[in-house]
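Peer 1: Provide a 3D model corresponding to the input given below.
(2 chains)
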Amino acid sequence: MDDEPLFRWSWVVSNWDNDTPNSIVNLLQAHIVMAGVPTVLGLLLAVPLGVACARWRWLYQPTSGLMNAVYALPSIALFMLLLSVTGFSRLTVIIPLTLYAVAVLMPAVVDGLRSVPEHVRQSAVAMGFTPTRRLVRVELPIAVPVVLAGLRVVAVSSISLVSVGALIGQGGLGNYFTDAYQRDFYTPAVVGIALIVLLALVADGIIVGAQRLLTPWVRARRSA
Amino acid sequence: MNFLLDFFGDPANWSGAGGIPARLLQHLGFSAAALALSALIGIPLGLLIGHTGRGAFLVVASANVARALPTLGLLVLLVLLLGTASVWPVLIPLVALAVPPILVNTFEGVRGVDPELRDAAYGMGLRGPQVLGKVLVPVALPLILLGLRLAAVQIVATAAVAAYVGLGGLGRYIIDGLATKEYDQVVGGSVLIVLFALATQGLFTIVQRLTVSPGVSQRVRIPR
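Peer 2: Next up, the predicted model:
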């Protein structure tokens, strides 16, 4: 172990796509699914919840209290508690990560909707927008930057949290961490960390790009 | 439910080195040490950067990196590199991941203080350090405590994951139970970890209520 280098390129070459479930390509794919599904699903669940909490104010306090508590639950414990229901499957990782995603995004949606200036809302009413159309055409677009800021946090932390699933054999690239530990071998751990951080950077970049496309007025205002 | 009865009803789980009280104390001791160390680094640094305004980019970058880095990978790599003779290979990742939330929130708290308040303090003849101690810290306290709470909850969860690389504490029930397929241990340990995390969260909420100046808590809305 003393002469073992931190990183062996030959390991990467022989494990890249070697037709085993633990090849880099396969684990990368599994990792993207297990982090991507909770991020997207979390957003889809958080938007209606946030809209409801912004509309009926009495809902906000209890819901945000619950979300705060959910966010405090350790992922390792949730994975284990789900084991008896969903077994050693991807769902055991996906369900808790979706809960965390909602816990972060729901308050972001509410904050975003609250950031809509009153005069904008009134203009929309005066122009004859129905409440639904006002929500979809005016309020939600204005909320986009705040919601996407939350989405960046969710995407990056989901990608990193998936790796804890390695303890039940469903960690995506995190499986390399248990592999490295069991074989006393640095390279898989180094490769796992590097790819996870890289994946997080790419996901973050995609969301930043989406934000530029979805809110062209921000740039127009700056350049004007 | 049967798992829980088996686990909590077994007298062997209540005494000795592997008993619940002993492991609870281990978990508590280790988490407290990691939090104290993180606070000693994060709070002064956050105050300094927030007060002087120098190095703000460092704060943002550290938060993003800490979110992307997979805990399990970091733990495995450091333990493989440094061995388990001392507690540092486990303590370093715990502290490294807990400093950023403390740093960011302390920084944001100090940054967010109304400039007029700061000017008024200087106008009354207070010097730099006095302004920091008598005005900036009390006003920033809700956010500083939020940072400590997020860090504490994260440390409790990470300490459970660290059982995989040999750390004692409540995580042992999960790791050992998985290895021997004793699922009552896995479920029982998970329930204890969840309760521990929620208690930590609750403790910080109470501390915040008791320590934040009433003049501050009336005005300041705590962003998440």
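Peer 1: which residues does the residue lying closest to B:Gly46 once chain neighbours are set aside contact?
Peer 2: In this structure, B:Gly46 finds its nearest non-sequential neighbour in B:Thr106, 2.7 Å apart by Cβ to Cβ, 6 or more residues apart in numbering or on different chains. C-beta coordinates here come from the backbone N, C-alpha and C atoms, glycine included. Taking Cβ atoms under 8 Å, 6 or more residues apart in numbering or on different chains, we find B:Thr106 in contact with B:42-43, B:45-47, B:50, B:140, B:143-144, B:147.
Peer 1: repeat the analysis, applying 6 Å as the threshold.
Peer 2: B:43, B:46, B:144, B:147 (Cβ atoms under 6 Å, 6 or more residues apart in numbering or on different chains).
Peer 1: mind telling me what element it is part of?
Peer 2: Assessed by DSSP states H and E, B:Thr106 sits inside helix B:88-111.
Peer 1: nearest spatial neighbour of the residue in chain B that chain A sits nearest to, skipping sequence neighbours?
Peer 2: Closest to chain A within chain B is B:Ala157: 3.3 Å, counting by Cβ to the nearest Cβ. In space, and not counting its chain neighbours, B:Ala157 is closest to A:Pro74: 3.3 Å by Cβ to Cβ, 6+ apart.
Peer 1: what's the end-to-end length of stretch A:115-134?
Peer 2: From its first residue to its last, stretch A:115-134 covers 15 Å (Cα to Cα, to the nearest Å).
Peer 1: list the buried ones in it?
Peer 2: For stretch A:115-134, a neighbour-count test (16 or more other Cβ atoms under 10 Å in any protein chain shown) marks A:116, A:121, A:124, A:129, A:134 as buried.
Peer 1: mean confidence for it?
Peer 2: Per-residue pLDDT values over stretch A:115-134 give a mean of 93.
Peer 1: farthest-separated two in the buried residues of stretch A:115-134?
Peer 2: Distance extremes for those: the farthest pair is A:Val116 and A:Phe129 at 12.6 Å, using Cβ to Cβ.
Peer 1: so where's the longest helix in chain B?
Peer 2: Secondary structure of chain B per DSSP state H: the longest helix is helix B:20-52.
Peer 1: still on that earlier bit, the helix or strand following the helix holding B:Thr106: which residues count as buried?
Peer 2: Using DSSP H and E, the helix or strand that directly follows helix B:88-111 along the chain is helix B:115-123. For helix B:115-123, burial by neighbour count (16+ other Cβ under 10 Å) applies to B:118, B:121.
Peer 1: identify all contacting residues around helix B:115-123.
Peer 2: Residues outside helix B:115-123 that contact it (Cβ under 6 Å, 6+ apart): B:131, B:135.
Peer 1: toward the C-terminus, what is the element adjacent to the longest helix of chain B?
Peer 2: helix B:56-68.
Peer 1: near chain A at all, that next one?
Peer 2: Yes: contact of helix B:56-68 with chain A (Cβ under 6 Å from any Cβ of the partner chain) involves B:67-68.
Peer 1: ok, and what's touching that helix?
Peer 2: With contact meaning Cβ under 6 Å, 6+ apart, helix B:56-68 is reached by A:156-157, A:160, A:197, A:200, B:49, B:97, B:100, B:103-104, B:107.
Peer 1: please apply the same query to stretch A:183-195.
Peer 2: Residues outside stretch A:183-195 that contact it (Cβ under 6 Å, 6+ apart): A:6-8, A:11, A:173, A:176-177, A:179-180, B:73, B:76-77, B:80.
Peer 1: which of these fall in helices?
Peer 2: Among the contacts of stretch A:183-195, DSSP H puts A:11, A:176-177, A:179-180, B:73, B:76-77, B:80 in helices.
Peer 1: closest to A:Leu151 out of those?
Peer 2: Closest approach to A:Leu151 among the ones in helices among the contacts of stretch A:183-195 (Cβ to Cβ): B:Gly73, at 23.7 Å.
Peer 1: pretty sure that closest one contacts A:Phe177?
Peer 2: Yes: assessed by Cβ atoms under 6 Å, B:Gly73 is found in contact with A:Phe177 at 4.7 Å.
Peer 1: element containing the residue nearest to the spatial centre of chain A, please.
Peer 2: By Cα atoms, centre = their mean, chain A has its centre lying nearest to A:Ala155, at 2.7 Å. Assigned by DSSP H and E, A:Ala155 belongs to helix A:140-161.
Peer 1: using PDB, write out every CA atom in that helix.
Peer 2: As requested, C-alpha coordinates have been extracted for helix A:140-161 and formatted as PDB (Å, rounded to 0.1, in the frame of the first residue of the first chain):
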ATOM      1  CA  LEU A 140     -44.200  32.100 -12.000                       C
ATOM      2  CA  PRO A 141     -41.900  33.600 -14.600                       C
ATOM      3  CA  ILE A 142     -40.900  36.300 -12.100                       C
ATOM      4  CA  ALA A 143     -40.300  33.600  -9.500                       C
ATOM      5  CA  VAL A 144     -38.000  31.700 -11.800                       C
ATOM      6  CA  PRO A 145     -34.600  33.100 -10.600                       C
ATOM      7  CA  VAL A 146     -35.400  32.300  -7.000                       C
ATOM      8  CA  VAL A 147     -36.700  28.800  -7.800                       C
ATOM      9  CA  LEU A 148     -33.700  28.000 -10.000                       C
ATOM     10  CA  ALA A 149     -31.300  29.200  -7.200                       C
ATOM     11  CA  GLY A 150     -33.000  26.500  -5.000                       C
ATOM     12  CA  LEU A 151     -32.800  24.000  -7.900                       C
ATOM     13  CA  ARG A 152     -29.000  24.400  -8.200                       C
ATOM     14  CA  VAL A 153     -28.700  23.600  -4.500                       C
ATOM     15  CA  VAL A 154     -30.900  20.600  -4.900                       C
ATOM     16  CA  ALA A 155     -29.200  19.200  -8.000                       C
ATOM     17  CA  VAL A 156     -25.700  19.500  -6.600                       C
ATOM     18  CA  SER A 157     -26.500  18.100  -3.100                       C
ATOM     19  CA  SER A 158     -28.600  15.200  -4.700                       C
ATOM     20  CA  ILE A 159     -25.600  14.300  -6.800                       C
ATOM     21  CA  SER A 160     -23.400  14.200  -3.800                       C
ATOM     22  CA  LEU A 161     -25.900  12.400  -1.500                       C
END
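Peer 1: list the buried residues of it.
Peer 2: A:140, A:142-144, A:146-148, A:150-161.
Peer 1: which ones are touching B:Asn166?
Peer 2: For the record, residue B:166 is Gly, not Asn. Contact analysis of B:Gly166 by Cβ under 6 Å, 6+ apart lists B:Thr84.
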